[in-house]
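**Student:** pasted the sequence and its predicted model underneath.
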Amino acid sequence: MKEYFRYFCYDARIIFSRHHSTHYFFNHHCFAKDVKCDICGSEAVTYIRYNGMHLCSEHFMKFVEKRVKKEIRRQANFNPGDVIGVAVSGGKDSMVTLHLLHSILGERRDIDIQCITIDEGIDGYRPESIELVKKFCSDRGIKYNQASFSERFDITMDEAAPLSGDNSPCTYCGVFRRNAMNDLARKIGATYLATGLNLDDTAQSIMMNFTRGDIDRLARLGPHKKIQPGLIPRIQPLRMIPEKESLLYAIVSGIPYHNGICPYSDEALRNQFRHVIDELETRSPGTRHSIISSYDQMLPMLTANSKPADLHKCGCGEPTLGKECKACELRNILGLKKII
Ligand code: SF4
Ligand SMILES: [Zn+2]
Ligand SMILES: [Zn+2]
């Protein structure tokens, strides 16, 4: 399989389904040979179109690591005693995030890096990735923590999916997962929660909220500088790393990842934005970076008028603006008992 990635060209067609599943369609460029690294002259594994460089595996890895370190410094100000919970599903982005945070900060004995995994209860999909994550953590001495929908919400996704009606099962899954993740992060004393969102995910989310006119949500996308009581601030170490680079990083550095397809995956809207942004990126390399840079410049204006949210505790323990948090609202719709 590695042979296919000898030269990982940006023209390779990659289609992603929601979270963790990746399918590859290669064209002839993927098999280009005798292309040399512009830094050391070794065999190149990729061409970075937006900065015009061919890079070998070693220099490609350094190129990724340098930007991740810069992004971590920009987003977080770690103090002795900090606990970083890393949300890990087993997909390439979350595995690369855990690997990089552990290798960049693992030497610091005053910072604790722990893995947080949520079992949604999806047969034939989640158990395999959970085993992969557990083994990765045990091989590297990283503490593994897990919560499940069945324990926290009394329902699995396999049970909720047929009841989701007009809503996509992903709506339930996303809300439940955020709730369970924040709860577990709080229980392990996490001061930061790191997620595997990459450059493509971020550019798509900005454009989706922008075109929907959802300015509140746009302002809340994170990474979070302001700390809201009860909510663990998120950091996104891969925020400036394109999806294909995250994948190539996993491959060249031998990081295992789960590549299954969730049976409930519904990416219709996000895929539309993916196609539009990919098309723009092909015509004008650097488009995704420009979207994020524009967003970052607009963020102070977007948040200037928003008052700090007046959050209180929902019955389930999560902070909420309304009477009940979103997860408890959805549980009511499904006719489930309250979380005590
Ligand atoms: S149900 Fe949707 S959100 Fe949940 S794991 Fe599957 S694809 Fe992801
Ligand atoms: Zn090189
Ligand atoms: Zn609740």
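**Tutor:** Received it, and whenever you're ready, just let me know what you need. Ligands and ions are numbered 1, 2, ... in the order given.
**Student:** list the buried residues of stretch 278-294.
**Tutor:** Asp278, Leu280, Glu281, Thr287, Arg288, Ile291, Ile292 (16 or more other C-beta atoms under 10 Å). Every residue, glycine included, has its C-beta placed from N, CA and C.
**Student:** relative to ligand 3, how far out is Leu334?
**Tutor:** Look at Leu334 and ligand 3: by C-beta to the ion, to the nearest Å, they are 13 Å apart.
**Student:** now the helices for the stretch 1-150 of the chain?
**Tutor:** Using DSSP state H, counting those that start in this stretch, the helices of the stretch 1-150 of the chain run over 57-75, 92-105, 126-140, 149-153.
**Student:** about what we covered before: from the buried residues of stretch 278-294, pick the one nearest Asp38.
**Tutor:** The closest of the buried residues of stretch 278-294 to Asp38 turns out to be Glu281 (C-beta to C-beta; 21.1 Å).
**Student:** contacting residues for the closest one?
**Tutor:** Taking C-beta atoms under 8 Å, 6 or more residues apart in numbering, we find Glu281 in contact with Thr287, Arg288.
**Student:** switch to 10 Å and redo it
**Tutor:** Tyr10, Arg49, Tyr50, Leu199, Asp200, Ala203, Pro242, Thr287, Arg288, His289, Ser290, Ile291 (C-beta atoms under 10 Å, 6 or more residues apart in numbering).
**Student:** separation between the fourth one and ligand 3?
**Tutor:** Distance check for Leu199 against ligand 3: by C-beta to the ion, it reads 32 Å.
**Student:** again, but for the fifth one
**Tutor:** For Asp200, the distance to ligand 3 (C-beta to the ion) stands at 31 Å.
**Student:** who does the longest strand along the chain touch, helix- and strand-wise?
**Tutor:** Determined from DSSP state E, the single longest strand within the chain is strand 112-119. Counting contacts by 3 or more C-beta pairs under 10 Å, 6 or more residues apart in numbering; DSSP states H and E, strand 112-119 packs against strand 83-87, helix 92-105, helix 126-140, strand 143-148, helix 149-153, helix 169-187, strand 192-194.
**Student:** which of these sits closest to ligand 1?
**Tutor:** helix 169-187 (3.0 Å; C-beta to the nearest ligand atom).
**Student:** is that closest one positioned near ligand 3?
**Tutor:** No. Helix 169-187 does not reach ligand 3 (C-beta under 5 Å from the ion); its nearest approach is 6.7 Å.
**Student:** which residues of the stretch 1-150 of the chain lie near ligand 3?
**Tutor:** So the stretch 1-150 of the chain never meets ligand 3 (C-beta under 5 Å from the ion).
**Student:** give me the residue from the stretch 1-150 of the chain nearest ligand 3.
**Tutor:** Phe149 (13.7 Å; C-beta to the ion).
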